[in-house]
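Novice: From the sequence below, what's the structure:
(one chain, ligands or ions: 3)
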Amino acid sequence: MEFNLANNLHSLRASAPLVHNITNYVVMNFTANALLAIGASPVMSHAAEEAEDMVSIAGALVVNIGTLSPEWVKGMKLAMRKAAQTGRPIILDPVGAGATPYRNAVLTELLETAAPTIIRGNASEIMALAGTNIQTKGVDSTASSAESMEAAKALSLKYGSVISVSGETDVIVSGTQAAFVSGGVPLMTKITGMGCTASALAGAFAAVSSDPFHAAVSAAAAMSVCGELAYRSAKLPGSFQIAFLDALADISPAHLAELSKVKFTSL
Ligand SMILES: Nc1ncnc2c1ncn2[C@@H]1O[C@H](COP(=O)(O)OP(=O)(O)O)[C@@H](O)[C@H]1O
Ligand SMILES: Cc1ncsc1CCOP(=O)(O)O
Ligand SMILES: [Mg+2]
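Specialist: Numbers count the residues shown, from 1 in each chain. Ligands and ions are numbered 1, 2, ... in the order given. So this is what the prediction gives:
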């Protein structure tokens, strides 16, 4: 199937999929607003008691381990198992992978529970997940996406997942195919939750697409283009956040496709 970014955004807006997010306290509000702005319908819910019911009415599940605790992990596992059983895409954001042994142990448990459709993280998180000996600086990357290529490929083959690594250039790997998405602005690293937003948008695109590789590329391209558009009017972090949400809401499918910088290759 040919990659068609304009169609992918059009489909997202036409069906406004419900995206079930089990995500961290830091970014809940921003990512819910980003999902609404692009045209999806967010719900943030982490209680184990309703995890299976909630995922059963959603188009995709986004699991983000940013502010973990054992009670939340129970909900994550129940939701992931149910999503896998019912054929719903699962997006895993391994926030802070490689920062502490607890995070690494929880990620191992989650990956044993169900293979994610898409894993979206920064370069150190993806390298840590693949077993590279790397220390993530809390939630921030200490490596570039280019350095994570081998790790991304290994992870993709191991779990059958699409691996989306963010950075100056986003690298998306699915088996032996890869895409490079350039653009965006460095200011995006100075706002908390930009990576989490990339993962949430991957959930929205995956909910309306039969091709998770194209969904991950679409999300990365939407992030980069809207980051650039926001920077035209907002050069400081506070106003940039708002301008970014406005860009997500304002961009037309055709304009997104026109401004995106995506290159496909085989590995
Ligand atoms: N140096 C950069 N230049 C342009 N865009 C960037 C840069 N670094 C990150 N981005 C963009 O910012 C978003 C968040 O990426 P990143 O900071 O790697 O994630 P995280 O917040 O999970 O660490 C992505 O859309 C990515 O493309
Ligand atoms: C700062 C912080 N601490 C725990 S989760 C979180 C948010 C991380 O968001 P992102 O990975 O999108 O920068
Ligand atoms: Mg992150």
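Novice: what about Met44, distance to Arg232?
Specialist: For Met44, the distance to Arg232 equals 30 Å [Cβ to Cβ, to the nearest Å]. For every residue, glycine as well, the C-beta is placed using N, CA and C.
Novice: Look at the two and report which has more neighbours.
Specialist: When neighbours are counted by other Cβ atoms under 10 Å, Met44 comes out ahead of the other of Met44 and Arg232, with 20 against 10.
Novice: Tell me which residues touch that one, please.
Specialist: For Met44, the contact set (Cβ atoms under 8 Å, 6 or more residues apart in numbering) comprises 21-23, 28, 32.
Novice: quick check, stretch 141-148 touching ligand 2?
Specialist: No: with Cβ under 6 Å from any ligand atom as the measure, stretch 141-148 is seen stopping short of ligand 2, the closest distance being 9.1 Å.
Novice: Can you check what pLDDT the model gives the residue most central in space within the chain?
Specialist: Averaging the C-alpha coordinates of the chain gives a centre point, and the residue nearest to it by Cα atoms, centre = their mean is Ser199 (1.5 Å). With respect to pLDDT, Ser199 has a value of 98.
Novice: Tell me where this structure has helices.
Specialist: Under the criterion DSSP state H, helices of the chain are mapped to 5-15, 28-38, 48-56, 70-85, 101-113, 123-129, 149-159, 194-207, 212-233, 237-250, 253-259.
Novice: For the stretch 101-250 of the chain, what lies in contact range of ligand 1?
Specialist: Taking Cβ under 6 Å from any ligand atom as the criterion, the neighbours of ligand 1 within the stretch 101-250 of the chain are 122, 140-141, 166-168, 170, 184-186, 188-189, 194-195, 198, 223-224.
Novice: Looking at the protein, what residue ends up closest to ligand 3?
Specialist: When scored by Cβ to the ion, the chain has Gly195 as its residue closest to ligand 3, at 3.0 Å.
Novice: wait, isn't that residue in contact with Gly96?
Specialist: No: Gly195 lies out of contact with Gly96 (Cβ atoms under 8 Å); the separation is 10.7 Å.
Novice: anything in contact with each of these two?
Specialist: Common contact partners of Gly195 and Gly96 (Cβ under 8 Å, 6+ apart): Val139.
Novice: about what we covered before: can you tell me how far the residue nearest to the centre of the chain sits from His255?
Specialist: Taking Cβ to Cβ as the measure, Ser199 and His255 are separated by 23 Å.
Novice: For Asn133, grab phi and psi.
Specialist: Phi and psi for Asn133, reported as degrees, to the nearest 10, are phi -80, psi 90.
Novice: Just name the closest of the contacts of Met44 to ligand 1, please.
Specialist: Closest approach to ligand 1 among the contacts of Met44 (Cβ to the nearest ligand atom): Thr23, at 12.1 Å.
Novice: That closest one: neighbouring residues, count only.
Specialist: Each residue near Thr23 was counted by other Cβ under 10 Å, and the total is 28.
Novice: same question, Asn4
Specialist: Number of residues near Asn4 (other Cβ under 10 Å) recorded here: 14.
Novice: now swap in Asn8 and tell me
Specialist: The burial metric for Asn8, expressed as a neighbour count using other Cβ under 10 Å, is 24.
Novice: Hmm, Ala207 and it touching each other?
Specialist: No: taking contact to mean Cβ under 8 Å, the distance of 11.1 Å between Asn8 and Ala207 leaves them out of contact.
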